[in-house]
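Student: Have a look; sequence and predicted model below, questions after that.
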Amino acid sequence: MGGILFPSSTHAACTNPAGDKADIIYNGDDNVLQYCDDTNWIIAGQASFETDSNFRKVFVTSTTTTGNFGGLGAADRECNNLAQTAGLTGYFKAWLSRDDTGEDPNSLLTQSTVPYGTVNSIKVADDWSDLIDGVLTNAIIWDENGTAISGDAIVWTNTTTAGGNQGAFDCTDWTSTASSGRVGRAGQLGSLWTHHGTLSCNSSGRFYCFQQDPETISSTTKKVFVTSTTFNGDFVSVATGMGYGGSDGVDAADYICQDFADNATPALTGTFKAWVSHSTSTDPNSTFTQSSDPYVLVDGVKIADDWADLIDGNLNASIMVDEDGNALGGLNRVWTNVTTAGADEGGNDCTNWTSVGGSARYGWTGHLGDLWTDSLTESCNTPKRLYCFEQ
């Protein structure tokens, strides 16, 4: 940034560069005139929100991470943790994609008909259509606290200006530092804000976080959590140590989930079952109540509108909250042997969940697509968690 500056006093109100209210500069990077509104540099002819409070907030995170941050759901969780700490209301999602159909902002973010603006009321776009037309009204250079960051800051995206994914430049589903990831640059107005180039996944980058349209969630919901502790694949032995007296692996997993719900702080009411299977007669499709009510995490975040939405292959939010409402960090393996459609996956089930020998299929917390439940197989002697669903 540089060019003409018309100072008006000796006490700077705007920063990067320093300036006072009504000062004007020429931004040579973006070829625009900007003026100081007593707090921020605004593009001339493009206003902040003076009176209209009906807009969706957008910020770039104050924190940075390598490309190994645990998937789209983990990025969403970081957006919301920062938003809550800063006192921002609403639910936020990251402007981020992975190399899979339906795993991009076009599919995962609400496409708002009201404007988007920074937390300090600087307009970014008139609506969703304006957001994805290739040019922002003002750059996203303010974090969740309203503090301006460097206009050269790296932001993980793998997303086109139109909100679609850009292929395999996603640090191996955002789980590795060994490859490359597509980034944008905060401070840019054109395509470079989201589509600047690729960098090593060992680099440090931020997230863009977008507030979602508010939803009216039914007063009747089904709670979901992931257990706060891990177990080997012999659920019968684990549950027996908790007071279980049966011999079926899926029944034992249900017992474990119910025990965690009953002993949560505060205790969770209702009947809970584990998202696991060892046959077509024991899978969630056969044993779960297929609710028409929304499924929500213990902290109130919705993961699916109803059963049909739950098993359509993409969650609205990742299952990263335990029975006490605490968010789990990073990626966590979860025993499943269940497809995204709620069906039995096959014979990878630790001998009906009664043995530490053999292997079983698992999913990952932090993922929204099929990997949340249907990833790979691993030894039954390795500790993993359980997903627990209220019936």
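Tutor: Everything's here; your move.
Student: In terms of helices and strands, where is the residue nearest in space to the middle of the chain?
Tutor: By Cα atoms, centre = their mean, the mean C-alpha position of the chain lies nearest to D76, the distance being 2.1 Å. Secondary structure from DSSP states H and E places D76 in helix 72-85.
Student: ok, S318 touching N80?
Tutor: No - contact between S318 and N80 fails when scored by Cβ atoms under 8 Å: they sit 11.1 Å apart. Yep, even glycine has a C-beta here, placed from its N, CA and C like the rest.
Student: Just give the strands next to the helix or strand following the helix holding D76 in its sheet, each with its orientation.
Tutor: Beyond helix 72-85 on the C-terminal side, the first helix or strand identified by DSSP H and E is strand 92-94. Strand 92-94 has these partner strands in its sheet, going by DSSP bridges: strand 208-211 (antiparallel).
Student: How far away from the center of its chain is the strand it pairs with?
Tutor: Between the mean C-alpha location of strand 208-211 and the chain-wide mean there is a distance of 10 Å, by Cα atoms, centre = their mean, to the nearest Å.
Student: so for it, what's the average pLDDT?
Tutor: Summarised as a single mean, pLDDT over strand 208-211 is 97.
Student: Output the contacting helices and strands for the helix or strand just after it.
Tutor: Stepping forward along the backbone from strand 208-211, the first helix or strand reached (DSSP H and E) is strand 222-226. Using 3 or more Cβ pairs under 8 Å, 6 or more residues apart in numbering; DSSP states H and E as the contact criterion, the elements in contact with strand 222-226 are strand 295-297, strand 387-390.
Student: For the shortest one, which strands pair with it and how are they oriented?
Tutor: Yep, that's strand 295-297 we're talking about. Strand pairing for strand 295-297, determined by DSSP bridges: strand 222-226 (parallel), strand 302-304 (antiparallel).
Student: do you know which of the ones you listed lies nearest T354?
Tutor: Go through the strands paired with strand 295-297 one by one with Cβ to Cβ and the one that ends up closest to T354 is strand 222-226, at 22.3 Å.
Student: Now tell me what touches that closest one from outside.
Tutor: Under the criterion Cβ atoms under 8 Å, 6 or more residues apart in numbering, residues 260-261, 264, 268, 270, 272, 291, 293-298, 303, 319-323, 328, 332, 334, 365, 385-391 lie in contact with strand 222-226.
Student: again, only using 6 Å
Tutor: The list of residues contacting strand 222-226 from outside it, by Cβ atoms under 6 Å, 6 or more residues apart in numbering, reads 268, 291, 293, 295, 297-298, 319, 321-323, 365, 385, 387-390.
Student: Between all of the residues you listed, which two are separated the most?
Tutor: Farthest pair in the contacts of strand 222-226 (Cβ to Cβ) is D293 and R385. Separation: 24.2 Å.
Student: Compare these two (neighbour count), which wins?
Tutor: It is R385, of D293 and R385, that has more neighbours when counted by other Cβ atoms under 10 Å, with 22 against 17.
Student: How many residues are close by the residue lying closest to W156 once chain neighbours are set aside?
Tutor: Beyond its immediate neighbours in the sequence, the residue positioned closest to W156 (Cβ to Cβ, 6 or more residues apart in numbering) is G205, lying 4.2 Å away. Number of residues near G205 (other Cβ under 10 Å) recorded here: 21.
Student: List the residues that contact L72.
Tutor: L72 makes contacts with L96, L368, as judged by Cβ under 6 Å, 6+ apart.
Student: picking up where we left off before, the helices and strands packed on strand 222-226 into CSV, with extra columns for mean neighbour count?
Tutor: CSV is the format used below for those (neighbours: other Cβ atoms under 10 Å):
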stretch, mean neighbour count
strand 295-297, 22
strand 387-390, 24
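Student: and of the ones you listed, who's closest to V338?
Tutor: Taking Cβ to Cβ, strand 387-390 is the member of the helices and strands packed on strand 222-226 nearest to V338, at 8.9 Å.
Student: Which strands or helices does that closest one pack on?
Tutor: Under the contact criterion of 3 or more Cβ pairs under 6 Å, 6 or more residues apart in numbering; DSSP states H and E, strand 387-390 touches strand 222-226, strand 272-274.
Student: average model confidence for the last one?
Tutor: Translated: strand 272-274. For strand 272-274, mean pLDDT rounds to 98.
Student: So what touches it?
Tutor: Applying Cβ under 6 Å, 6+ apart, the set of residues contacting strand 272-274 from outside is A253, D254, C257, Q258, A261, L386, C388, F389, E390, Q391.
Student: Surely the first one is in a strand?
Tutor: I take that to be A253. No - applying DSSP: H, G, I helix; E, B strand; the rest coil, one finds A253 to be helix, outside a strand.
Student: Show me the chain divided up by domain.
Tutor: The chain is divided into the following domains under automatic domain parsing: 1-45, 48-211, 222-390.
Student: Where among those is average confidence lowest?
Tutor: Ranked by mean pLDDT, these end with domain 1-45 at the bottom, a mean of 60.
Student: Figure out which of the helices and strands packed on strand 222-226 is closest to S191.
Tutor: strand 295-297 (35.1 Å).
Student: Touching, D127 and Q111? I think so.
Tutor: No - applying Cβ atoms under 6 Å, one finds D127 not in contact with Q111, separated by 8.2 Å.
Student: Make CSV out of the strands paired with strand 295-297 and add mean neighbour count and distance to F210.
Tutor: What follows is those, written out as CSV (neighbours: other Cβ atoms under 10 Å; distance: least, Cβ to Cβ, whole Å):
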stretch, mean neighbour count, distance to F210
strand 222-226, 24, 23
strand 302-304, 21, 16
